[in-house]
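Novice: predicted model and sequence follow; I will ask about them next.
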Amino acid sequence: MAQGLKKTPLYELHRELGAKMTEFAGYEMPVQYSLGILGEHQHTRTKSGLFDVSHMGQVILRGKSYQETALALERAIPMDALGLDVGRQRYGFLTTYNGGILDDLMFSNRGDHIFVVLNAACKDSDIVHLRTLLETDISIEVIENRALIALQGPASEAVLSEFNSQIKAMNFMDVETLSIAGAECWVSRSGYTGEDGFEISIPASAAESVTKSILSKEEVELIGLGARDSLRLEAGLCLYGHDMDEATSPVEAALTWAIQKVRRTHGERAGGFMGSEIISQQIETGTDKKRVGFLPQTRAPMREGIEIFATEVSKKVIGKITSGGFSPSLGYPIAMGYIASEFANSEDEFFGELRGKRVPVKVAKIPFVPLNFKR
Amino acid sequence: MKFTEEHEWLRTEGDIVVVGITEHASTQLGDVVFVELPEEGTTVSKDDEIVVIESVKAASDILAPLDGEITEINEALADEPSKVNEDPMGEAWFFKMKPADPSQVEEYMTEDEYNKLIS
């Protein structure tokens, strides 16, 4: 393992429980435990999987009022932050001046402040970006002394409500401060697997004991980054740096749904965010390429970087896989990527170039599995 | 039985050599979900990439351990790639080949030498 990697507050527990570790975004993280990726994936879909996501960035934005903080944040994201109710969370992304995506994130209205969760690989540059855009008005506090875990899967509600009965009253994207196994936790009913579940921010000093208490429940297993990737891919969720980046606009990435009407052309607070002219224009007129799902038509997985062609012999690249692999739930390969918009709804057979051979592939609807959120 | 540094095992059966991957390799790969084998009758050179194994995590190649001709492939792996995890040293052999120079087999490691390599 490379020197100088950062460790999460749960590092010792991972080692103790036999995790296979890997480098991810500058951290030494568990890629899988003894169940293996397939087993961990199935466990999360059927029972409850516990993920250490402490490498992700946790940030508090605080101005004189929620209103002032929300309006400042709206300079960095094309979302409706002002209209978000207290105790509610929303998906969003930071945009660039030319309409690309700097990172995706979750943000929540915590009454007197906004709590933001950022991707591990981008958090340092995100924070610099936020300071540049917002710091004249609001304070930006990077939370370094809390762990973050996710509990995902159909049994998660039952498990967590054994620690605090208020869990049951929470709906998808609700956020609460709750006592869990003796620690003050910031709990949201959300995640990134397509399953019902929770993300739980825990004081670092209590992280191991809270995690062990939850793990002591029969339905819960620790899950590594390997299964986290296959779970989010089945759910059709983008992985930043793969399925979207600074060169991809939210409209191309099929994330227009996350831009609320109030921020679009003719909305009450239209524009005013980085890249708003380009993004607003694209919402009206469409884009040359679009993110879609792909179903390889043989058993061979098509992974990131595979180019898509219209026929077995054509030279022009019409699309590209950005995430792909084997779907443990479906038992066959699935993928996601971009294709020229004219083909985005096509039922034709296209071809991916796999190890020098053209292999048939079709455009598919995402998500690949039903989403099981508690609406 | 002989072993390569690429974690293949070679078992000589008369003038044919059966090739598969070791228990250690299958554990390292994790859950195998796809195996692509060469065609029967293909003439291969040592170190040609002739098998693709895809695990949930990644794709990896298996090299031809010897010069020769592929005489038979294990078709069952196409439908049940998970056999590579279940029985890598037995049922989940990959291919059989007729070596051009059978003495090439002797250049590879014994089981003891291989076990030292992976310990």
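Specialist: Okay, I see it.
Novice: which element is the residue lying farthest from the centre of chain A on?
Specialist: Within chain A, the residue lying farthest from the chain centre (Cα atoms, centre = their mean) is A:Val313, at 36.7 Å. Element membership of A:Val313 [criterion: DSSP states H and E] is none; it lies in no helix or strand.
Novice: that one: what's its closest spatial neighbour, skipping adjacent residues?
Specialist: The shortest distance from A:Val313 to any non-neighbouring residue, by Cβ to Cβ, 6 or more residues apart in numbering or on different chains, is to A:Arg358 (7.8 Å). Using the backbone N, CA and C atoms, a C-beta is placed for each residue, glycine as well.
Novice: confirm the one you found sits in a helix?
Specialist: No: judged by DSSP: H, G, I helix; E, B strand; the rest coil, A:Arg358 forms no part of a helix; its state is strand.
Novice: picking that back up, distance of the residue farthest from the centre of chain A from chain B?
Specialist: Distance of A:Val313 to chain B, given as Cβ to the nearest Cβ, to the nearest Å: 22 Å.
Novice: swap in A:Lys290?
Specialist: Counting by Cβ to the nearest Cβ - A:Lys290 and chain B are separated by 27 Å.
Novice: helix, strand or coil for that residue?
Specialist: strand.
Novice: one step back: confidence score at the residue farthest from the centre of chain A?
Specialist: If you check A:Val313, the pLDDT there is 97.
Novice: please apply the same query to A:Gln3.
Specialist: 75.
Novice: so it lies in a helix, does it not?
Specialist: No: if the criterion is three-state DSSP, then A:Gln3 is coil and not within a helix.
Novice: ok, it - how many residues close by?
Specialist: A count of nearby residues for A:Gln3, using other Cβ atoms under 10 Å in any protein chain shown, gives 4.
Novice: please apply the same query to the one 10 residues further on.
Specialist: When neighbours are defined as other Cβ under 10 Å, A:Leu13 has 18 of them.
Novice: sec struct for the closest residue to it other than its chain neighbours, please.
Specialist: Counting by Cβ to Cβ, 6+ apart, A:Leu13 lies nearest to A:Glu208, which is 5.5 Å off, once chain neighbours are set aside. Classification of A:Glu208 using three-state DSSP returns helix.
Novice: repeat for the one 3 residues further on
Specialist: Assigned state for A:Thr211: helix (three-state reduction, three-state DSSP).
Novice: how about the contacts made by it?
Specialist: When contacts are counted by Cβ atoms under 8 Å, 6 or more residues apart in numbering or on different chains, A:Thr211 touches A:Leu10, A:Leu13, A:Leu50, A:Asp52, A:Ala147, A:Ile149, A:Ile202.
Novice: point out the residues in chain B that sit beside chain A.
Specialist: Counting by Cβ under 8 Å from any Cβ of the partner chain, chain B comes close to chain A at B:30-31, B:33-34, B:36, B:52, B:54, B:56-59, B:78, B:81.
Novice: apply 10 Å and report the result again.
Specialist: B:27-28, B:30-36, B:49, B:52, B:54-59, B:61, B:78-79, B:81-82, B:85 (Cβ under 10 Å from any Cβ of the partner chain).
Novice: so which of the residues you listed are in strands?
Specialist: B:Val32, B:Val33, B:Phe34, B:Val35, B:Glu36, B:Glu49, B:Val52, B:Glu54, B:Ser55, B:Ala59, B:Asp61 (DSSP state E).
Novice: a markdown table for these, including distance to B:Lys96 and neighbour count?
Specialist: Converted to a markdown table, those look like this (distance: Cβ to Cβ, whole Å; neighbours: other Cβ atoms under 10 Å in any protein chain shown):
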| residue | distance to B:Lys96 | neighbour count |
| --- | --- | --- |
| B:Val32 | 20 | 25 |
| B:Val33 | 24 | 26 |
| B:Phe34 | 21 | 22 |
| B:Val35 | 15 | 25 |
| B:Glu36 | 17 | 21 |
| B:Glu49 | 18 | 13 |
| B:Val52 | 18 | 17 |
| B:Glu54 | 22 | 23 |
| B:Ser55 | 24 | 25 |
| B:Ala59 | 23 | 16 |
| B:Asp61 | 19 | 13 |
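Novice: closest one to chain A out of those, please.
Specialist: B:Val33 (4.0 Å; Cβ to the nearest Cβ).
Novice: what about the residue nearest to A:Val313, how many residues nearby?
Specialist: 16.
Novice: identify the bridge partners of it.
Specialist: Beta-bridge partners for A:Arg358, by DSSP bridges, are A:Glu353.
Novice: what's the closest of the contacts of A:Thr211 to chain B?
Specialist: A:Asp52 (18.5 Å).
Novice: for the closest one, which non-adjacent residue is closest in space?
Specialist: Computed as Cβ to Cβ, 6+ apart, the closest residue to A:Asp52 that is not its neighbour in sequence is A:Leu10, at 4.6 Å.
Novice: surely the one you found and A:Ala207 touch.
Specialist: Yes: with contacts defined as Cβ atoms under 10 Å, A:Leu10 counts as touching A:Ala207 at a distance of 5.8 Å.
Novice: who has more neighbours, those two?
Specialist: Remark: of A:Leu10 and A:Ala207, A:Leu10 carries more neighbours, 28 against 25, as counted by other Cβ under 10 Å.
Novice: against A:Glu28, how distant is the more buried one?
Specialist: Using Cβ to Cβ, to the nearest Å, one obtains 11 Å as the distance from A:Leu10 to A:Glu28.
Novice: next one: A:Leu148
Specialist: A:Leu148 is 16 Å from A:Glu28, by Cβ to Cβ.
Novice: who has more neighbours, these two?
Specialist: Each of A:Leu148 and A:Glu28 has its neighbours counted (other Cβ under 10 Å); A:Leu148 has more, 23 against 20.
Novice: in the sheet, who's paired with that one?
Specialist: Note on A:Leu148: beta-bridge partners by DSSP bridges are A:Ser201.
Novice: per-residue confidence at it?
Specialist: As predicted, A:Leu148 sits at a pLDDT of 98.
Novice: if we can go back for a sec, now do the contacts for the residue nearest to A:Val313.
Specialist: Residues counted as contacts of A:Arg358 (Cβ atoms under 10 Å, 6 or more residues apart in numbering or on different chains) are A:Ile308, A:Phe309, A:Thr311, A:Glu312, A:Val313, A:Ser314, A:Phe350, A:Phe351, A:Gly352.
Novice: among those residues, which ones are buried?
Specialist: Buried members of the contacts of A:Arg358, scored by 16 or more other Cβ atoms under 10 Å in any protein chain shown, are A:Ile308, A:Phe309, A:Phe350, A:Phe351, A:Gly352.
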